[in-house]
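Participant: missing the sequence, but the structure's below:
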């Protein structure tokens, strides 16, 4: 099917949308929630009756070989990806996670949470002391200053188990277990889940240096690779995430044969936790490799 004019307009605007929204989404979670809704509504309304594959193809044609030149983490790209998934398939994001990841990998304890509070049993309790200081303005929050705007980590945590996480949508609303995530990372690291071309693209990485993110890493498409120089020449791949009252990381070798996962039920953390676990499991850490 040839693109209609609305489809061409949408395809031409997507690179600009990505750039503009990534910048905005770094500032505040409230803005991120609004941006997700605007992107989804705009994406659907721009070509509601058109097949999306030609739109995506036109998008790709207009930006051949485009790669990020400087890393800055933001959830906006995941929101855009979720909207594209739903438009292309006609299914919900949750249905596609089930079809393409959960069922093929036989994950018994993984699901998309939806907008409801609470979790399926059994589950841990979640605690947080990640609260803004009195008088702090969320609109002024950046990756560089966010810690200074939060209450001190030594204050007693509050239980946040029942809080909803639906605003995370495609950027962080999947519930899983450490055992299931070991299986997910192994499949993504060794290429058994994705076709070869997609696997190579996923692991084409950029440095995260200067991006106020996990130290000693390079970022691919939703996953990271630990910097070989910092790790004494050894390649380790991983993924992780944090939401109110929860933080996890899973790291392993590229062949997927040696993998470890950890989870904490409070999200205020230092990356030292992950690197201490890596040192204990793999016998290597940035400090020992230096």
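Facilitator: Ah, there it is. Not measured: the values here are computed from a predicted model. Numbering: from 1, shown residues only.
Participant: residue ranges for the strands of the stretch 101-250 of the chain, please.
Facilitator: 111-112, 127-128, 158-159, 174-175, 206-207, 217-219, 224-226, 237-243, 246-252 (DSSP state E, counting those that start in this stretch).
Participant: Now do the last one against strand 237-243, angle only.
Facilitator: What that stands for is strand 246-252. Strand 246-252 runs at 180 degrees relative to strand 237-243, counting by axes from the mean of the first three to the mean of the last three CA atoms, to 10 degrees.
Participant: And the average pLDDT for strand 246-252 is what?
Facilitator: For strand 246-252, mean pLDDT rounds to 93.
Participant: Given it, what are its sheet partners and their directions?
Facilitator: The pairing partners recorded for strand 246-252 under DSSP bridges are strand 237-243 (antiparallel), strand 259-264 (antiparallel).
Participant: average model confidence for the longest one?
Facilitator: Averaged over strand 237-243, pLDDT sits at 90.
Participant: Pull out the buried residues from it.
Facilitator: Residues of strand 237-243 classed as buried by neighbour count (16 or more other CB atoms under 10 Å): 237, 238, 239, 240, 241, 242, 243. No exception for glycine: its C-beta is placed from N, CA and C like everyone else's.
Participant: Run a quick neighbour tally on the closest residue to the second one other than its chain neighbours.
Facilitator: Taking CB to CB, 6 or more residues apart in numbering as the measure, residue 238 lies nearest to residue 251, with 3.8 Å between them; neighbours along the chain are not counted. Close neighbours of residue 251, defined as other CB atoms under 10 Å, add up to 25.
Participant: now do the one 4 residues further on
Facilitator: A total of 13 residues lie near residue 255 under the criterion other CB under 10 Å.
Participant: Quick check, it in contact with residue 190.
Facilitator: Yes. Using CB atoms under 8 Å, residue 255 makes contact with residue 190 at a distance of 5.3 Å.
Participant: circling back: wait, which of the strands paired with strand 246-252 is closest to residue 79?
Facilitator: Residue 79 sits nearest to strand 237-243 of all the strands paired with strand 246-252, at 14.9 Å, using CB to CB.
Participant: Before I go, just wanted to say thanks for your time.
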